[in-house]
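Participant: Coordinates for the following, if possible.
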Amino acid sequence: MFSEKFSTALFDEKNETQLTTSNFNQACFLRGNPIVESLERWCLRNSRCPNGPKPMLAVVYFDTGDDAQEYLQIKAEVAAKAGIGYIPHKLLPSASINEVLEQIHKLNTDHCTHGILVQRPIPEHLCQDEVMYSIKRAKHIEEYAESKRTNIAVDGVMRLLTAYHKLWMLDLNIIILGGTNIITPEFQAEIKRQHSHVETPSKWEETKINGKHSTVLITELNKGGIIKSTMLGPSVKLVIDLGFDVISKIGDLDPRVQCKDLIVVPTPGGVLPIVLWLMMERTIRCSKIPVTSVPTDTRFVSISRFKWVSVSICSVSFLVCLSIFIYVLNFHFCQ
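Facilitator: Sure, this is the predicted structure:
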């Protein structure tokens, strides 16, 4: 998850001053630093377990060059800070679906691996759903926390808004634009499950956004500064920028949006670093679940298991029919 965009944004984050809420002209910026600091303290306290296993995060990545290396480097650095183990598993970009599933199966059955990440975007010749759904629920840290369904990016957004006492704003009308690595189908589905007024337009014509009701805009278009201040009507009260342009090194919002009277969760410095530390937190929590108590998600049951069940049912049916036939035959001869 979160390849070059995520890595570059976090590298830039290191060089920023440690601001939390910033007011430039009229816009109010909500930054992720306080949440990151809290997560870092929690990870350091809970990753040390003298009598238990060391938390271990496995990352399956496709050797696509510099973007893959940045993807690995930033996670390795944060894992070291969090006190957890980190093992990358390389696959070629041309890897077949069977090769990918085999690697994930090995990690699913490895008791020393507690969290599994797969680099996105998945190569085009692979089915993303098939790859992601093959991860064992107890280790699928992007979509589960302690085996309970919760998208990690939604978790990051909610933690940031909660820290600033702005969570109530998600009850407003929500418009979601774009989506690649962060705004995934699972992200959208969870937002829709929790909130009733959600719009996900398939196309956006770069026109003014101004609804009848107070609106929250969540965006991941990955086009630097594409959303201008003139496009944000007075109904837009909060903008959560999850996009990042690796060329311009800015998010979807034009920097001049600071002149608008609204609340902004920016990129970099907003949700992205929180999500990275949530990966570490979830891995640590997974390491504390006893292996024998790990539930199985029936959605991820392999096709081979279904075949085994089918064969078993057929075998039982055959034996029942054979028994009835023998009984009838014996009865006939007894007569």
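
Participant: And the helices in the stretch 1-150 of the chain?
Facilitator: For the stretch 1-150 of the chain, applying DSSP state H, counting those that start in this stretch gives helices covering 4-14, 33-46, 66-82, 97-108, 128-133.

Participant: Grab the CA positions of the longest one and hand them over as CSV.
Facilitator: Spelled out, that is helix 66-82. In CSV, the C-alpha atoms belonging to helix 66-82 read as follows (Å, rounded to 0.1, in the frame of the first residue of the first chain):
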residue,chain,number,x,y,z
ASP,A,66,13.0,3.4,-7.3
ASP,A,67,9.4,3.6,-6.2
ALA,A,68,9.6,0.1,-4.7
GLN,A,69,12.8,1.0,-2.9
GLU,A,70,11.3,4.1,-1.4
TYR,A,71,8.2,2.1,-0.5
LEU,A,72,10.4,-0.3,1.5
GLN,A,73,12.8,2.2,3.0
ILE,A,74,10.3,4.4,4.7
LYS,A,75,8.5,1.4,6.2
ALA,A,76,11.8,-0.1,7.3
GLU,A,77,12.7,3.2,9.1
VAL,A,78,9.4,3.5,10.9
ALA,A,79,9.4,-0.2,11.8
ALA,A,80,12.8,0.2,13.4
LYS,A,81,11.5,3.2,15.4
ALA,A,82,8.5,1.2,16.5
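
Participant: how about that helix: buried residues?
Facilitator: Using 16 or more other CB atoms under 10 Å as the test for burial, helix 66-82 gives 67, 68, 70, 71, 72, 74, 75, 78, 79, 82. Heads up, the C-betas are built off the backbone N, CA and C, glycines and all.

Participant: Helix 33-46 and that helix, what's the angle between them?
Facilitator: Relative orientation of helix 66-82 versus helix 33-46 (axes from the mean of the first three to the mean of the last three CA atoms, to 10 degrees): 60 degrees.

Participant: domain ranges for this structure?
Facilitator: Split into domains by automatic domain parsing, the chain comes to 4-20+33-151+275-298, 153-269.

Participant: Need those domains in a markdown table (columns: distance to residue 27).
Facilitator: Converted to a markdown table, the domains of the chain look like this (distance: least, CB to CB, whole Å):
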| stretch | distance to residue 27 |
| --- | --- |
| domain 4-20+33-151+275-298 | 13 |
| domain 153-269 | 4 |
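
Participant: how about the ones you listed in a markdown table, adding mean pLDDT?
Facilitator: Conversion of the domains of the chain to a markdown table gives the following (pLDDT from 0 to 100):
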| stretch | mean pLDDT |
| --- | --- |
| domain 4-20+33-151+275-298 | 86 |
| domain 153-269 | 93 |
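
Participant: Check the gap between the nearest residue in space to residue 68 that is not next to it in sequence and residue 75 for me.
Facilitator: Closest residue in space to residue 68, ignoring its immediate chain neighbours: residue 61 at 5.2 Å, by CB to CB, 6 or more residues apart in numbering. Residue 61 sits 10 Å away from residue 75, taking CB to CB, to the nearest Å as the criterion.

Participant: With residue 171 instead?
Facilitator: Taking CB to CB, one finds residue 171 at 34 Å from residue 75.

Participant: same deal with residue 253?
Facilitator: To residue 75, residue 253 is 26 Å away according to CB to CB.

Participant: which ones are touching the closest residue to residue 248 other than its chain neighbours?
Facilitator: Among residues not flanking residue 248 along the chain, residue 224 sits closest, at 3.2 Å (CB to CB, 6+ apart). Shown in contact with residue 224 (CB atoms under 8 Å, 6 or more residues apart in numbering): 245, 247, 248, 249, 250, 251, 252.
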